[in-house]
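Student: Structure for the following, please:
(chains A and B)
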Amino acid sequence: MNWRKVWTIARTEYLTNVRRTGFIVMTAIIPVIGLIVLIFMAFLAPQASKVGEWLESQLEGGEKPIGIVDGSGLFTPILPEYQESFVLYESPEAAEADLRADKLRAVMVIGEDYLESGRVTALTRESFGEAVIADSTRVRGFMVVHLLDGRVEPSLQRRAAVPLARIESRVISGTGSERTGGFLFTFIIPYFLSLFLVMTIFASSGYLLQSVAEEKENRVVEIIISSVRPTELMAGKVIGLGALGLTQVLVWLLSAWGFGGGAISLLAMTGVAGLPIHIFVLGIVYYLLGYTLYAVLMAGVGALGTTMRESQQLAGIFSVVAVIPYMLASFVMMNPNATIARVFSFFPLTAPTMMMLRVPLGDVPWVDIVGSILVLLLSIPAALWLGAKLFQIGLLIYGKRPTLREVWQMLRARV
Amino acid sequence: MILQVENLTKRFGEIVAVDGLSFEVDQGEIFGLLGPNGAGKTTTIRMVLDILPPDEGRITVLGQRPGDAQHRVGYLPEERGLYRNRKVLEMLAYLAELKGTDRDTAQRRANALLGQMGLEDRAESKVRDLSRGMQQRLQLIASVVHDPDLIFLDEPFQGLDPVNVERIKGFIADLAQEGKTVVLSTHQMNLVEALCDRILLINRGRSVLYGPLTEIKHQFAPHAVRVQSSAIPAGLPGVISVEQDNGAHILHLAEGVSPQSVLRTLVDSGAEIQMFEVSPVPLEDIFVQVVTGS
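Tutor: Below is the predicted model:
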């Protein structure tokens, strides 16, 4: 390996691509979005709580009341504060008729033995209406307030109806520093950050693919490999374009950190700002490992195509595998340590994506972090061997894409 | 000895692309590497350049193994290719750097060569904005920008107009003048005749003709003379047969009869001679004859 040549290639690839419009736009987009959010929040912070209430009332389903058929007598009469949203009916039939006439959102028939059995029959027009009733804090509040009315003091009655009226979140991080943030900083920002890290892996290995396919398509590669070894060429490209992606990641992470801090001080919150340091470090570690793995494989597979389009089609296989974790994203978000999430964390091609998704969400076991990094470290040499070999084979084949069988034969032969 | 190839063999699966090929190239000569399409020329060049490893045989380039001599060898591949989106000077400097030349020297040499090829005002242009002839010249510059001692030119005249052909011919001749060695592969036999000292003709991966061009031409010369004259007397001694050729006569001579003696006889016979030449054989005919085996 002649490192001077590798360095020349890496430097040229970096400088050529860093000037591309696509790269500049992609890199600038995160800080710009951050800035917009920051300005938005600065103006809207005072109104934020009102916005929240309005959103909640919309989600609760608007103006149509819920019909109550009270067999137990526990909910009769309806207390004044609930009279707008709940209406009493004598018989289930009358309530059902009004439900059919679309005057009601739902009907709850409360049985005579409600106190003992807790049984309520819910009638709704949509199939998911039942879940809406069961999960509604308003319905829950209605039930609790009426059950306790006159039996406990009013302040206890109100608190029992809404036990978690205001949550102020304080997260004690592993490093001992203390962080105040809430939903936005514990969840949304890290989540999108991890999404963008993964995008960077694909953007930079995409540049790599493009660079390989371009040299092959315009035949420069014949001159290049009469000057450098294929492994040197590949190493130079992987390093140069990896540095390009790292530039992007650093700009993003630093701007997220900076804006996160800025946003918090604007919202007049206390404590240390932004992203936990371990997410920052792990983000870079997974970026480097994930990128190297994907880059060498893409370089090898990309070299097999004879045109850019063909190479991109071939490399598409990897992209499909890598997005599996994102297809499971909503599931993983609810339970970052589910078995399926853990399994994909130990499979090399999905480990970087899955771990980047899980790490910001919360307490990922150390064994998963160490394990996934080990798996990646072990699979990278194998990928390097395979990628370099395919690269070497691919570079000299013009005109026609080799069949799988031919590739297999060539892999085993001396090239 | 600049290049020494011994018993070189390369197989691709069932196909034997190069089959026990041996030849040598001397310093300062222009060596013609000839053969029909698919004869194994490009495969041979690729092995010498260490792009492909040989299956058998030995290659010594400038006294070294092919992999160690790459920086002293230049290559103009038949499959042309340049970085279309890069600037001319920047690209040339990059290619030279990959050969181990330092950047300052690379830029200086690139500028000098651009001037020599009449492209000095194009140094900052994008490669894709150059005309085809200019790109071809640029490609040639790219093969020598790192000041190599041995240069492989695979079809350097392909698709060029006569003005550019002359320019590149001159450039190649100058390289040899400077003591560089050029291995020229082309199908244009008139250019081989004009430029090359020695040739190697390969067919199906094997050497079929190898040696100095003059000797080969002599070896293949038909024993005949071409005469333009008012009349050819019948029954000239030493002449086996006479055939018409474009207003001239070709006299086939018997073995052991020299053209000089025939000329003397003709003059003595009182014939009015406008032209008399020892029938030359174009390299093209030798090529076709050897390759088709006719």
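Student: What count of nearby residues applies to the residue in chain B that chain A sits nearest to?
Tutor: Scanning chain B for the residue nearest chain A gives B:G81, at 2.9 Å (criterion: C-beta to the nearest C-beta). The way it works is simple: take the backbone N, C-alpha and C, and place the C-beta from them, glycine included. Neighbours of B:G81 under the rule other C-beta atoms under 10 Å in any protein chain shown: 18.
Student: Surely it is in contact with A:R219?
Tutor: Yes. B:G81 is within contact range of A:R219, at 2.9 Å (criterion: C-beta atoms under 8 Å).
Student: Would you mind naming what in the stretch 1-150 of chain A lies close to chain B?
Tutor: With C-beta under 8 Å from any C-beta of the partner chain as the criterion, the stretch 1-150 of chain A meets chain B at residues A:4-5, A:8-9, A:12, A:16.
Student: Where does pLDDT dip in the stretch 201-350 of chain A?
Tutor: A:256-257, A:259-276 (pLDDT under 70).
Student: Chain B contacts on that one?
Tutor: Proximity of the stretch 201-350 of chain A to chain B, by C-beta under 8 Å from any C-beta, involves residues A:215, A:218-229.
Student: Now, these that are in helices?
Tutor: Per DSSP state H, helices hold the following members of those: A:215, A:220-224.
Student: Dump those residues to CSV, plus neighbour count and distance to B:R226.
Tutor: Formatted as CSV, those follow (neighbours: other C-beta atoms under 10 Å in any protein chain shown; distance: C-beta to C-beta, whole Å):
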residue, neighbour count, distance to B:R226
A:E215, 21, 53
A:V220, 22, 49
A:V221, 25, 50
A:E222, 24, 45
A:I223, 25, 46
A:I224, 23, 51
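Student: OK, contacts around the residue of chain B closest to chain A?
Tutor: A:215, A:218-223 (C-beta atoms under 8 Å, 6 or more residues apart in numbering or on different chains).
Student: Now flag whichever of those is closest to chain B.
Tutor: Distance to chain B across the contacts of B:G81 (C-beta to the nearest C-beta) is lowest for A:R219, with 2.9 Å.
Student: Quick check: B:L34 touching B:F287?
Tutor: Yes. Contact criterion C-beta under 8 Å: B:L34 and B:F287 qualify, at 6.7 Å.
Student: which residues in the stretch 151-294 of chain B form strands?
Tutor: Here the stretch 151-294 of chain B has its strands, by DSSP state E, counting those that start in this stretch, at B:181-185, B:198-203, B:206-212, B:224-229, B:239-245, B:248-253, B:273-278.
Student: just the ones you listed: most buried one?
Tutor: strand B:181-185 (a mean of 24; mean count of other C-beta atoms under 10 Å in any protein chain shown).
Student: Contacts for that one, please.
Tutor: Residues contacting strand B:181-185 (C-beta under 8 Å, 6+ apart): B:2-3, B:25-34, B:41-42, B:45, B:78, B:149-156, B:172, B:175-176, B:191-192, B:195-196.
Student: circling back: the residues of the stretch 201-350 of chain A next to chain B into CSV, with extra columns for distance to A:T403?
Tutor: Shown next, in CSV, are those (distance: C-beta to C-beta, whole Å):
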residue, distance to A:T403
A:E215, 23
A:N218, 24
A:R219, 22
A:V220, 26
A:V221, 21
A:E222, 23
A:I223, 28
A:I224, 26
A:I225, 23
A:S226, 27
A:S227, 30
A:V228, 29
A:R229, 26
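Student: residues in contact with residue 237?
Tutor: No chain in the question, so chain A it is. A:9-10, A:13, A:208, A:211-212, A:295, A:299.
Student: my bad, chain B
Tutor: Contacts of B:P237 (C-beta under 8 Å, 6+ apart): B:T265.
Student: Give me the residue ranges of the stretch 51-200 of chain A where confidence is low.
Tutor: For the stretch 51-200 of chain A, the stretches flagged by pLDDT under 70 are A:51-63, A:126-132, A:135, A:166-194.
Student: where do the helices sit along it?
Tutor: Taking DSSP state H, counting those that start in this stretch as the test, the helices found in the stretch 51-200 of chain A are A:92-100, A:114-117, A:129-135, A:137-148, A:154-161, A:183, A:189-217.
Student: of all the ones you listed, which gets the most neighbours per residue?
Tutor: Comparing the helices of the stretch 51-200 of chain A by mean neighbour count (mean count of other C-beta under 10 Å), helix A:189-217 comes out on top with a mean of 22.
Student: That one - contacts with which helices or strands?
Tutor: Applying 3 or more C-beta pairs under 8 Å, 6 or more residues apart in numbering or on different chains; DSSP states H and E, we find helix A:189-217 packed against helix A:3-18, helix A:21-44, helix A:230-266, helix A:277-304, helix A:308-322, helix A:351-358, helix A:366-395.
Student: surely A:G290 meets A:L376?
Tutor: Yes. Shown here, A:G290 and A:L376 form a contact pair, counting by C-beta under 8 Å, at 7.2 Å.
Student: Now do the buried residues in the longest helix belonging to chain B.
Tutor: Counting residues, the longest helix in chain B under DSSP H turns out to be helix B:162-177. For helix B:162-177, the neighbour count (16 or more other C-beta atoms under 10 Å in any protein chain shown) marks B:164, B:167-168, B:171-172, B:175-176 as buried.
Student: Those also near chain A: which ones?
Tutor: Filtering these for proximity to chain A by C-beta under 8 Å from any C-beta leaves nothing.
Student: Just send these back as JSON lines, with pLDDT too.
Tutor: As requested, the buried residues of helix B:162-177 are arranged in JSON lines below (pLDDT from 0 to 100):
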{"residue": "B:N164", "pLDDT": "88"}
{"residue": "B:R167", "pLDDT": "89"}
{"residue": "B:I168", "pLDDT": "90"}
{"residue": "B:F171", "pLDDT": "92"}
{"residue": "B:I172", "pLDDT": "94"}
{"residue": "B:L175", "pLDDT": "93"}
{"residue": "B:A176", "pLDDT": "93"}
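Student: most tightly surrounded among the helices and strands packed on helix A:189-217?
Tutor: Ranked by mean neighbours (mean count of other C-beta under 10 Å), the helices and strands packed on helix A:189-217 are led by helix A:351-358, with a mean of 28.
Student: In the stretch 51-200 of chain A, what residue comes closest to chain B?
Tutor: A:T200 (23.1 Å).
Student: Please name the residues that touch that residue.
Tutor: Going by C-beta under 8 Å, 6+ apart, the list of residues near A:T200 reads A:245, A:248-249, A:252, A:287, A:291.
Student: Spatially nearest residue to it (excluding sequence neighbours)?
Tutor: A:G245 (4.8 Å; C-beta to C-beta, 6 or more residues apart in numbering or on different chains).
Student: separation between the one you found and A:L349?
Tutor: 18 Å (C-beta to C-beta, to the nearest Å).
Student: same thing with B:L92?
Tutor: From B:L92 across to A:L349, the span is 40 Å (C-beta to C-beta).
Student: for A:T21, same thing?
Tutor: 30 Å.
Student: Check A:I133 too.
Tutor: Counting by C-beta to C-beta - A:I133 and A:L349 are separated by 44 Å.
Student: cool, and A:F331?
Tutor: Separation of A:F331 from A:L349 (C-beta to C-beta): 19 Å.
Student: Comparing those two, which shows the higher neighbour count?
Tutor: Between A:F331 and A:L349, counted using other C-beta under 10 Å, the more crowded position is A:L349 (21 against 13).
Student: so the more buried one touches A:S319, yeah?
Tutor: No. Counting by C-beta under 8 Å, A:L349 does not reach A:S319; the two are 10.3 Å apart.
Student: Alongside chain A, which residues does chain B contribute?
Tutor: Within chain B, the positions near chain A by C-beta under 8 Å from any C-beta are B:13, B:46, B:49-53, B:67, B:70-71, B:73, B:75, B:77, B:79-84, B:86, B:94-95, B:97-100, B:142-143.
Student: now those residues: which count as buried?
Tutor: By 16+ other C-beta under 10 Å, the residues of chain B next to chain A give B:46, B:49-52, B:70-71, B:73, B:75, B:77, B:80-84, B:86, B:94-95, B:97-100, B:142-143 as buried.
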